[in-house]
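In: pasting the sequence and the predicted model now:
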Amino acid sequence: MKRGVSPVKDKIEIWGTEDCKFCHMAEKLAKSKGFEVESIEIGEDMFKFSKLFPNCKTVPQIIVGGVHIGGYNSLKEYFENGEKVV
């Protein structure tokens, strides 16, 4: 990872649903890279989800080190390129 991302200091938040295959795949990928993962069920906090991601209609929505990077494919690209994906 080129961007200076550190599993020790950068937590990954995965906003999704319990039955979302891509949410589970994102969690597995992040953990395999040594990151702490916080999975947030959007059903429990739909208001906050809609405030954080007003234009997003799909899950997962992923935040790395406080920066929203997108969904599962964006997370894969993030790890492959080591840079922010928008």
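Out: Looks like it came in fine.
In: now do the strands in this structure.
Out: Applying DSSP state E to the chain gives strands spanning 12-16, 37-41, 61-64, 67-70.
In: what sits opposite the residue nearest in space to the middle of the chain in the beta ladder?
Out: A centroid search over the chain (C-alpha atoms, centre = their mean) returns Ile62, at 2.1 Å, as the residue closest to the centre. Listed beta-bridge partners, Ile62: Ile14, Gly70 (assigned using DSSP bridges).
In: chain center to stretch 18-38, what's the gap?
Out: Distance, stretch centre to chain centre, for stretch 18-38: 8 Å (C-alpha atoms, centre = their mean, to the nearest Å).
In: what packs against the longest helix along the chain?
Out: Within the chain, and with DSSP state H defining each element, the longest helix by residue count is helix 21-32. In terms of contacts (3 or more C-beta pairs under 8 Å, 6 or more residues apart in numbering; DSSP states H and E), helix 21-32 is packed against strand 12-16, strand 37-41, helix 72-81. Backbone N, C-alpha and C define where each C-beta goes, glycine included.
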